[in-house]
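Visitor: With the input below, show me the fold.
(2 chains)
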Protein chains: 2
Amino acid sequence: MNTEIPRISDFPTGEENIGYAQYFIGKSYMATLTTNKDLNVPLLNVTFEPGCRNNWHKHTGGQILIVVGGEGLYQERGKPARHLKSGDIVEIASDIEHWHGATAKSWFSHLVIACNPKTNENIWLEPVTNESYSEANQ
Amino acid sequence: MNTEIPRISDFPTGEENIGYAQYFIGKSYMATLTTNKDLNVPLLNVTFEPGCRNNWHKHTGGQILIVVGGEGLYQERGKPARHLKSGDIVEIASDIEHWHGATAKSWFSHLVIACNPKTNENIWLEPVTNESYSEANQ
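Guide: Predicted coordinates:
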């Protein structure tokens, strides 16, 4: 159990997200929330420590984020960053390059739905630079 | 705006759920949270007033409930009712007869994901009797 993680939502935090750590700056945690593959809606809770964000990436099948706690950021390539708080939804269309994560000062949790899981592929790109991240936080 | 509805989650409550009222006992409210049909994950927030529940029904494509506020109930045919609170997830397999709703004394909100939306059909059955509902509340 990760006793240092504040309770920012009612959803389970899970374990440290080792599997994807190579695509993240900072520590994140992941809990798997569904198991029935026939439903075709894999659902996770991902929690980011302050300053943690994932690399630029895209999903061939798209993705939906459901914000459940803390404060975070979402940015699509070429657009200003969007500030996120509990109750916000982000619909990420197929093949749109983007990143998401916590703000510099807050923990952040969002549920993640991997859309079109039978055909989806995640394509990971370069890290979000400190400069870009700092600008997104302003 | 429905000023009489308490704020039990950070998600929008939407409007009175007139379209499905024929399949519900009591008043419910519905907000559509996503619009991109290519993602194949229609996402709604449904809020039930105390005592409100839907009829027995099933989904050929299955359904996922994400509880975000208040206290509710979920029951599958032939099983004891499950008490639900924020942070709970319900995975409903294809063709499983069930109902869900608020407890007798609490408002209740869950997000709903209609699974396999390209082929899913909702099949509505008989109302949950006062006797069954009362038993589920105990």
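Visitor: Please make it C-alpha for all contacts and neighbour counts, starting now.
Guide: Will do.
Visitor: Can you name the residues that contact residue A:120?
Guide: Residues near residue A:120 by C-alpha atoms under 8 Å, 6 or more residues apart in numbering or on different chains: A:59, A:60, A:61, A:62, A:114.
Visitor: Mind picking the two most distant members of those residues?
Guide: For the contacts of residue A:120, the farthest-apart pair by C-alpha to C-alpha is A:60 and A:114; their separation is 10.1 Å.
Visitor: Could you check which of those two is surrounded by more residues?
Guide: Neighbour totals were compared for residue A:60 and residue A:114, and residue A:114 leads with 22 against 17 (other C-alpha atoms under 10 Å in any protein chain shown).
Visitor: how far away is that one from chain B?
Guide: 9 Å (C-alpha to the nearest C-alpha, to the nearest Å).
Visitor: repeat for residue A:108
Guide: For residue A:108 relative to chain B (C-alpha to the nearest C-alpha), the value is 15 Å.
Visitor: can I assume that residue is in contact with residue A:51?
Guide: No. Between residue A:108 and residue A:51 there is no contact under C-alpha atoms under 8 Å: 9.7 Å.
Visitor: Show me the common contact partners of the two, please.
Guide: Counting by C-alpha under 8 Å, 6+ apart, the residues touching both residue A:108 and residue A:51 are A:101, A:102.
Visitor: Of those two, give the one with the bigger neighbour count.
Guide: Applying other C-alpha under 10 Å to residue A:108 and residue A:51 shows that residue A:108 carries more neighbours, namely 29 against 21.
Visitor: who touches that one in this structure?
Guide: The contact partners of residue A:108, by C-alpha under 8 Å, 6+ apart, come to A:8, A:47, A:48, A:49, A:50, A:69, A:70, A:71, A:72, A:101, A:102.
Visitor: quick one: the strands in chain A?
Guide: With strands called from DSSP state E, chain A shows them at A:15-16, A:24-25, A:28-32, A:43-48, A:53-54, A:57-59, A:63-76, A:82-85, A:89-92, A:98-102, A:108-114, A:122-124.
Visitor: Okay, angle between the third one and strand A:98-102 too, please.
Guide: In terms of direction (axes from the mean of the first three to the mean of the last three C-alpha atoms, to 10 degrees), strand A:28-32 departs from strand A:98-102 by 100 degrees.
Visitor: Packing partners of strand A:28-32?
Guide: Helices and strands touching strand A:28-32, by 3 or more C-alpha pairs under 8 Å, 6 or more residues apart in numbering or on different chains; DSSP states H and E, are strand A:15-16, strand A:43-48.
Visitor: Just give me how far that strand sits from the chain centre.
Guide: Strand A:28-32 sits 10 Å away from the centroid of its parent chain (C-alpha atoms, centre = their mean, to the nearest Å).
Visitor: Then the last one?
Guide: For strand A:122-124, the separation from the chain centroid amounts to 13 Å (computed by C-alpha atoms, centre = their mean).
Visitor: who does that strand touch, helix- and strand-wise?
Guide: strand A:57-59.
Visitor: Report the buried residues of the strand it packs on.
Guide: Residues A:57, A:58, A:59 are the ones in strand A:57-59 that count as buried (16 or more other C-alpha atoms under 10 Å in any protein chain shown).
Visitor: for the record, mean pLDDT for it?
Guide: Per-residue pLDDT over strand A:57-59 has a mean of 98.
Visitor: what packs against it?
Guide: Judged by 3+ C-alpha pairs under 8 Å, 6+ apart, strand A:57-59 is in contact with strand A:98-102, strand A:122-124.
Visitor: CA atoms of the first one as PDB?
Guide: Read it as strand A:98-102. Taking C-alpha atoms only, strand A:98-102 is exported to PDB below (Å, rounded to 0.1, in the frame of the first residue of the first chain):
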ATOM      1  CA  HIS A  98      -1.400  14.700 -26.900                       C
ATOM      2  CA  TRP A  99      -0.100  14.300 -23.400                       C
ATOM      3  CA  HIS A 100      -1.700  14.500 -19.900                       C
ATOM      4  CA  GLY A 101      -0.700  14.500 -16.300                       C
ATOM      5  CA  ALA A 102      -0.800  16.300 -13.000                       C
END
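Visitor: and the angle for that strand with strand A:108-114?
Guide: 140 degrees.
Visitor: which residues touch strand A:98-102?
Guide: With C-alpha under 8 Å, 6+ apart as the contact definition, strand A:98-102 has outside contacts at A:48-58, A:70-77, A:108-109, A:128.
Visitor: That concludes my questions; thank you for your assistance.
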